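In: Got a sequence here, can you build the structure:
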Amino acid sequence: QTPLEDVGPAGADKGKGGKYLILPPGHTAKVPDGYIVLPSSTYKGYALLRSIRQSGSDADLANAVEYGKKIKIYPLSKADNPPPTTYVDAAGVLYDATIPYDIRFFESLDRVIQHEPWLERDRALIDTLRTLGIEKGKPFAPDAEMVRALNAAAKQAHAYIEGKYYELVTKGPFTPGSRWSFPERMGLVFKAAQEQFAQTSLYPVEDRGLLLSFIFFLPKRLGEGQFYLMAIEDKDGNTLDGSKTYRLKVPANAPVRQYWSATLYDRETHALIRQMSHAARSSQTPGLQVNADGSVDLYFGPKAPAGKESNWTPTDPKGEFEILFRFYGPLPSLFEKTWVLPDVE
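Out: Numbers count the residues shown, from 1 in each chain. The predicted model follows:
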């Protein structure tokens, strides 16, 4: 996975809008003028577009939906008379984006191998994958013994990755002594991916696998449009437990041009916690209670503290969770660390 480009104020169009042209591998034909050209090394890709609302009001939500429907996707060959774009409302539809640490991972890998061109840097994997029965142009049909072996291997890999994840997010505090982290060493992965892994002396395979086990996309320009801090422990170093209630005090004057949010995720899957009424609270949450000094107390737990429902996000009492604090349009005081996010209590 490599980012082709960002859109919006932090993207290539600088917030003015534009026409992005995604080209397939090996494209050599002349490219027409007037496009922001994005050569892709793979045939498949995806885009995530986020509307930043002015507030959490119903009117602003409606405006964001209306803006989303202005996005057009069509083949270049039909640019002179584009067919209508289909918009599908997926609210309420379960989409499982979690990583399957079993034979399904290898089945997914086989589909990629069959469909995509080999990249030069990955050719060393060809013979290794052939020993597992994954080979371009041939069906992947492991026997029962191989299925058992691959299930066990995936389970072992999961345990290994989780151990590395815990070490990563607890050993690299964003500010000294803090439980909030932005793993600095992941910066190498972002740098390599943003350059399409062009540097011949930089290919962080293991760190890339670790990073994409708990996040789902890589931005082209980290720190311009958004920034993130992660916490998996409270201020005393205890794992965040869904059966307990916590408070996070967000100080006044948060360093954002747009808004901030605190989103809860399932510690086991790193995906949203299933069957919860909502996953986050933000500076745009309607009815959010703000203290006299401008700070905001957020609450996380299986049950809302009395009178604090607007500032509360539910947890699953049967599992552990993690918190991703997002800064949209981050300001210098965040990186200068003159504004500090306290630990969860």
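In: so where do the helices sit in the protein?
Out: Secondary structure of the chain (DSSP state H): helices located at 58-68, 103-115, 125-130, 144-170, 187-194, 205-211, 332-336.
In: how about low-confidence regions in the stretch 151-300 of the chain?
Out: Applying pLDDT under 70 to the stretch 151-300 of the chain flags the ranges 184, 223-224.
In: on that earlier part again, for A306, which of the helices of the chain is the nearest?
Out: helix 58-68 (26.8 Å; CB to CB). Where you see a C-beta, it was placed from the backbone N, CA and C, and this is true even at glycine.
In: Show me where this structure has its strands.
Out: 20-23, 36-39, 226-231, 246-250, 256-266, 280-282, 296-301, 312-314, 321-330 (DSSP state E).
In: quick one: the most centrally placed residue in the chain from D102, how far?
Out: By CA atoms, centre = their mean, the chain has its centre lying nearest to F216, at 3.6 Å. Separation of F216 from D102 (CB to CB, to the nearest Å): 20 Å.
In: before we move on, what about S178?
Out: For S178, the distance to D102 (CB to CB) stands at 36 Å.
In: cool, L272 as well?
Out: 21 Å.
In: Equivalent analysis for D13, please.
Out: 41 Å.
In: Quick check: closest non-adjacent residue to Q194.
Out: K220 (5.7 Å; CB to CB, 6 or more residues apart in numbering).
In: neighbours around the one you found, how many?
Out: Neighbourhood size, K220 [other CB atoms under 10 Å]: 19.
In: you'd agree it is up against P3?
Out: Yes. K220 lies in contact with P3 (CB atoms under 8 Å); the separation is 4.2 Å.
In: Quick check: neighbours shared by these two?
Out: Common neighbours of K220 and P3, counting by CB atoms under 8 Å, 6 or more residues apart in numbering, are Q194.
In: For S51, grab the count of nearby residues.
Out: Other residues lying near S51 total 13 when counted by other CB under 10 Å.
In: Tell me which residues touch it, please.
Out: 64, 67-68.
In: Out of those residues, the closest to D234 would be?
Out: A64 (34.1 Å).
In: what about the residue nearest to that closest one when sequence neighbours are not counted, distance to D13?
Out: The spatially closest residue to A64, leaving aside those adjacent along the chain, is S51, at 3.7 Å (CB to CB, 6+ apart). Distance from S51 to D13, counting by CB to CB: 15 Å.
In: who's in contact with P330?
Out: 223, 226-227, 255-257.
In: Going by distance to G92, which of the residues you listed wins?
Out: Set against G92, the nearest of the contacts of P330 by CB to CB is Q226 (26.4 Å).
In: hang on, that closest one packs against R326?
Out: Yes. Q226 is within contact range of R326, at 6.3 Å (criterion: CB under 8 Å).
In: Pull the residues that contact stretch 293-306.
Out: Stretch 293-306 is contacted from outside by 240, 242-253, 262, 264, 281, 283, 288-291, 308, 311-317, 321, 323, 344, using CB under 8 Å, 6+ apart.
In: Kindly present the strands of the chain as TSV, with separate columns for distance to T98.
Out: As requested, those are arranged in TSV below (distance: least, CB to CB, whole Å):
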stretch	distance to T98
strand 20-23	27
strand 36-39	28
strand 226-231	18
strand 246-250	24
strand 256-266	9
strand 280-282	18
strand 296-301	21
strand 312-314	19
strand 321-330	14
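In: could I get the contacts of S51 as JSON lines with distance to T28, neighbour count and pLDDT?
Out: Formatted as JSON lines, the contacts of S51 follow (distance: CB to CB, whole Å; neighbours: other CB atoms under 10 Å; pLDDT from 0 to 100):
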{"residue": "A64", "distance to T28": "39", "neighbour count": "14", "pLDDT": "91"}
{"residue": "Y67", "distance to T28": "35", "neighbour count": "12", "pLDDT": "91"}
{"residue": "G68", "distance to T28": "34", "neighbour count": "12", "pLDDT": "92"}
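In: which one of those residues sits closest to V340?
Out: Closest to V340, out of all of these and judged by CB to CB, is A64, at 31.2 Å.
In: list the contacts for G237?
Out: So G237 contacts R179 (CB under 8 Å, 6+ apart).
In: Now do the same contact list for the residue nearest to H158 when sequence neighbours are not counted.
Out: In space, and not counting its chain neighbours, H158 is closest to Y101: 4.0 Å by CB to CB, 6+ apart. Shown in contact with Y101 (CB under 8 Å, 6+ apart): 154-155, 157-158.
In: tally of neighbours for P286?
Out: Count around P286 with other CB under 10 Å applied: 9.
In: same thing with the one 4 residues further on?
Out: The criterion is other CB under 10 Å. On that basis, V290 has 13 neighbouring residues.
In: Repeat that for T98.
Out: By other CB under 10 Å, the residues close to T98 number 12.
In: Distance check, it against H270.
Out: 8 Å.
In: likewise P84?
Out: From P84 to H270 the distance is 36 Å (CB to CB).
In: So the two - more neighbours on which side?
Out: H270 (19 against 7).
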